[in-house]
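**Student:** what shape does this take:
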Amino acid sequence: MMKVMEGRSLSFALTAVIALIVAHKTGAAPATVTGEVIETYCWAVHGVGGTGHAQCGIECAKRGLPVALYDPRSRSAYILLPARDKASLPADLIGAMGQRVKIQGEVVARGGVQFLIVQSWQRASR
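**Tutor:** Below is the predicted model:
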């Protein structure tokens, strides 16, 4: 009985260590970020966003242009990624273009770019 428990404890410890290494390697950090949903091309090149640009932003996002979240408090933009590989961002999140939302997920930084992996989201009050 004791050997079985020792084996389980060792397996658990190894699993925990591997999980910590993977989390450290990916650099993912849990976060909740509030900001405006933006379409990256017009926001970066033309400096436009907000509800007046929402329909254009939705159309561009449907054509494949990246969608991001801009947090005016920190002056940071996060390119939004779906929760899993080979998935899309939620259609209703894209439909919230130009609006203020709160996203819970994980922040990952690579090559000077910040990404936010969307786990859940909701509309935010002003």
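**Student:** only C-alpha atoms from now on, for both contacts and neighbour counts.
**Tutor:** Fine.
**Student:** in this structure, where is pLDDT below threshold?
**Tutor:** For the chain, the stretches with pLDDT under 70 are 1-26.
**Student:** could you pull out the strands for it?
**Tutor:** Taking DSSP state E, the strands of the chain run over residues 29-39, 67-71, 76-81, 100-110, 113-123.
**Student:** now render those as CSV, adding distance to Leu93.
**Tutor:** Shown next, in CSV, are the strands of the chain (distance: least, C-alpha to C-alpha, whole Å):
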stretch, distance to Leu93
strand 29-39, 8
strand 67-71, 10
strand 76-81, 10
strand 100-110, 9
strand 113-123, 8
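**Student:** what's the most buried one of those strands?
**Tutor:** Mean neighbour count (mean count of other C-alpha atoms under 10 Å) peaks for strand 67-71 among the strands of the chain, with a mean of 23.
**Student:** list of residues touching it?
**Tutor:** Contacting residues not belonging to strand 67-71 are listed as 33-40, 61, 76-80, 94 [C-alpha atoms under 8 Å, 6 or more residues apart in numbering].
**Student:** do the same with stretch 76-84
**Tutor:** For stretch 76-84, contacts defined as C-alpha under 8 Å, 6+ apart pick out 66-71, 88-90, 113-119.
**Student:** what's the answer for stretch 104-112, then?
**Tutor:** Outside stretch 104-112, the residues that touch it by C-alpha under 8 Å, 6+ apart are 26-33, 114-121.
**Student:** write down the beta-bridge partners of Val118, one by one.
**Tutor:** Beta-bridge partners recorded for Val118 (DSSP bridges): Gly105.
**Student:** wait, it touches Ile103, no?
**Tutor:** Yes. Contact criterion C-alpha atoms under 8 Å: Val118 and Ile103 qualify, at 6.5 Å.
**Student:** tally of neighbours for His46?
**Tutor:** Applying other C-alpha atoms under 10 Å, we find 9 residues neighbouring His46.
**Student:** check the gap between Gly111 and Cys42 for me.
**Tutor:** Gly111 sits 22 Å away from Cys42, going by C-alpha to C-alpha, to the nearest Å.
**Student:** pretty sure Ile94 is touching Arg63, no?
**Tutor:** No. If you go by C-alpha under 8 Å, Ile94 and Arg63 don't touch, sitting 11.9 Å apart.
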